[in-house]
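1. Next one to model:
(one chain, ligands or ions: 1)
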Amino acid sequence: MTPFAFQLLARDGAARRGRLFTAHGTVETPAFMPVGTQGTVKAMFPEDVAQTGAEVVLGNVYHLMLRPTAERVARLGGLHVFMRWPKTILTDSGGFQVMSLAALRSLTEEGVAFRSHLDGSRHMLTPERSVEIQGLLGSDIQMQFDECVRLPASREEIERGMRLSLRWAERSRRRFEELGGPAKGQALHGIVQGGDDIRLRIESAAELARMPFEGYSIGGLAVGEPQAVMLAVLDETLPVLPQEKQRYLMGVGTPHDIVESVARGIDMFDCVMPTRAGRHGLAYTRFGKINLKNAKHADDPAPLDPESDCPAARDYSRAYLHHLIKTGEALGAMLLTWNNISYYQRLMRDIRAAIDAGTFEALRAEMDALWAKAA
Ligand SMILES: CNc1nc2c(CC[C@H]3O[C@@H](OC)[C@H](OC)[C@@H]3O)c3nc(N)[nH]c(=O)c3cc2[nH]1
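-> Model (predicted):
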């Protein structure tokens, strides 16, 4: 089995160009990872997701443990086989969903006991169980079980959650190694917490940096805080993490968030924005965001972007897309999701090329002009 590895290939300021090596192929970074929470990137065929240039998709412990259960996915050959995605899969540990979706939760040192939001059945997630589930799914890049404290929160609450997550990091790591994750070429990330408290953020990152994680995620952000707060946390946290390991900013973000975070040293992103917005008629393009619900598109024969290499952007008129969205036709969600994922992958390709060419600051200025106000 090829071991997991991350290679730092080039830098342009604090922006990094890298490459991940996993058991299911390589991943060029900075990378955007489409969200496939329940074993599907909603409204897209896996072949089309791959055609956009995406090399990693996300799965989620919370959803998949409830339906169809991790044991059933394992019996059917694991998540790669189940969803017909041959490339890399990153799974989230459930630490976020269990606090936002589950009913009747009780959080203790052991873990989180909760009732399913679907049928009220009782479940328990612990660091050990979350890592076992990610192993059953066959995930290439796994997340520790953590607690994401919602902002705004008191310093006591933020500190409690951050220290609990550090203890859960150790237990997640121990279980990952007992299950032979490293020998299977799998990676486990420690997740930095600490809310918007810089001292706690630095302490969390420093403690995790002492543990043998293959990579690190920045959690507890993109939970409603202003972009300036998120970026300030990155400014203080990223220098504390090992340079030679990949950094994943969870749940981020808009094109502007992504460029500003790459500028500070983030390598990987995930966000429901392009897929969710697509289902609601919003198209991301090189010209900005276009709302296809707007009647002004009703007679427009032009496609979203005639120069795009994505059929959804190049071959269908805005009039037709407007019609599909207005009538609630499934094809509307499919085409706009395909367009949006393609746009995000095109943005990541441009970012990687700019870092390679040493022209990242010029791209950053261009994206700032286009996206800063359209947050
Ligand atoms: C959006 N902002 C945001 N997302 C976040 C997620 C992923 C949500 C997970 O939910 C699904 O998307 C809705 C995805 O699951 C495939 C994602 O991994 C987080 N996950 C963990 N474990 N810890 C965090 O501190 C955390 C913070 C977040 N902030």
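2. what sits against residue 28?
-> Shown in contact with residue 28 (C-beta atoms under 8 Å, 6 or more residues apart in numbering): 18-19, 55, 348, 352. Using the backbone N, CA and C atoms, a C-beta is placed for each residue, glycine as well.
3. Give me the subset of those residues lying in helices.
-> Assigned to helices by DSSP state H, the following of those qualify: 348, 352.
4. Show me which residues of stretch 347-362 are buried.
-> Residues 347-348, 350-352, 354-355, 360 are the ones in stretch 347-362 that count as buried (16 or more other C-beta atoms under 10 Å).
5. Kindly report the same for stretch 211-225.
-> Residues of stretch 211-225 classed as buried: 213-223, 225 (neighbour count, 16+ other C-beta under 10 Å).
6. Can you give the distance from that stretch to the centre of its chain?
-> Relative to its chain's centre, stretch 211-225 lies at 11 Å (C-alpha atoms, centre = their mean, to the nearest Å).
7. pull the CA atoms of that stretch into CSV?
-> C-alpha atoms of stretch 211-225 as CSV (Å, rounded to 0.1, in the frame of the first residue of the first chain):
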residue,chain,number,x,y,z
MET,A,211,0.7,14.9,17.9
PRO,A,212,1.5,12.7,14.8
PHE,A,213,-1.4,13.8,12.5
GLU,A,214,-0.9,13.5,8.8
GLY,A,215,-2.6,16.9,8.3
TYR,A,216,-4.6,19.6,10.1
SER,A,217,-8.0,21.1,9.7
ILE,A,218,-9.1,24.6,10.9
GLY,A,219,-12.5,24.1,12.5
GLY,A,220,-14.9,26.3,14.4
LEU,A,221,-15.1,28.9,11.5
ALA,A,222,-17.5,29.7,8.8
VAL,A,223,-20.2,29.6,11.5
GLY,A,224,-21.5,33.1,10.9
GLU,A,225,-18.5,35.2,12.0
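8. what about it and the ligand, touching?
-> Yes: interface with the ligand: stretch 211-225 contributes 219-223 (C-beta under 6 Å from any ligand atom).
9. Name the residues of the stretch 101-250 of the chain found near the ligand, please.
-> Residues of the stretch 101-250 of the chain lying close to the ligand by C-beta under 6 Å from any ligand atom are 143, 146, 148, 191, 219-223, 250.
10. From the residues you listed, which land in strands?
-> Those of those mapping onto strands are 143, 191, per DSSP state E.
11. about what we covered before: and of the residues of stretch 211-225 next to the ligand, the nearest to residue 302?
-> Taking C-beta to C-beta as the measure, residue 302 lies nearest residue 222 of the residues of stretch 211-225 next to the ligand, at 33.7 Å.
12. I'd like the residues of stretch 211-225 next to the ligand as TSV, with pLDDT appended.
-> Converted to TSV, the residues of stretch 211-225 next to the ligand look like this (pLDDT from 0 to 100):
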residue	pLDDT
219	98
220	96
221	96
222	95
223	92
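13. Nearest to the ligand, out of those residues: which one, please.
-> residue 219 (2.5 Å; C-beta to the nearest ligand atom).
14. Could I get the pLDDT score of the closest residue to the closest one other than its chain neighbours?
-> Nearest non-adjacent residue to residue 219, counting by C-beta to C-beta, 6 or more residues apart in numbering: residue 191, 4.1 Å away. Here the pLDDT value assigned to residue 191 is 98.
15. show me what contacts residue 191?
-> So residue 191 contacts 93, 95, 143-144, 146, 165, 169, 208, 216-219, 250 (C-beta under 8 Å, 6+ apart).
16. what's the answer for residue 351, then?
-> Applying C-beta under 8 Å, 6+ apart, one finds that residue 351 lies in contact with 15, 30, 258-259, 262, 360, 363.
17. Could you identify which of the residues you listed has the most neighbours?
-> Greatest neighbour count in the contacts of residue 351, by other C-beta atoms under 10 Å, goes to residue 262: 30 neighbours.
18. Determine which two of the buried residues of stretch 211-225 are furthest apart.
-> Spanning the widest gap among these are 214 and 225, at 27.7 Å by C-beta to C-beta.
19. about what we covered before: could you give the bridge partners of the residue nearest to residue 219?
-> Here residue 191 sits in beta bridges with residue 217, going by DSSP bridges.
20. of the contacts of residue 191, the lowest pLDDT goes to which?
-> Ranked by pLDDT, those bottom out at residue 95, which has 86.
21. Just the element for that one, please.
-> Counting by DSSP states H and E, there is no helix or strand that carries residue 95.
22. Would you confirm that it contacts residue 219?
-> Yes: with contact defined as C-beta atoms under 8 Å, residue 95 reaches residue 219; the gap is 7.5 Å.
23. which neighbours do those two share?
-> Counting by C-beta under 8 Å, 6+ apart, the residues touching both residue 95 and residue 219 are 146, 148, 165, 191.
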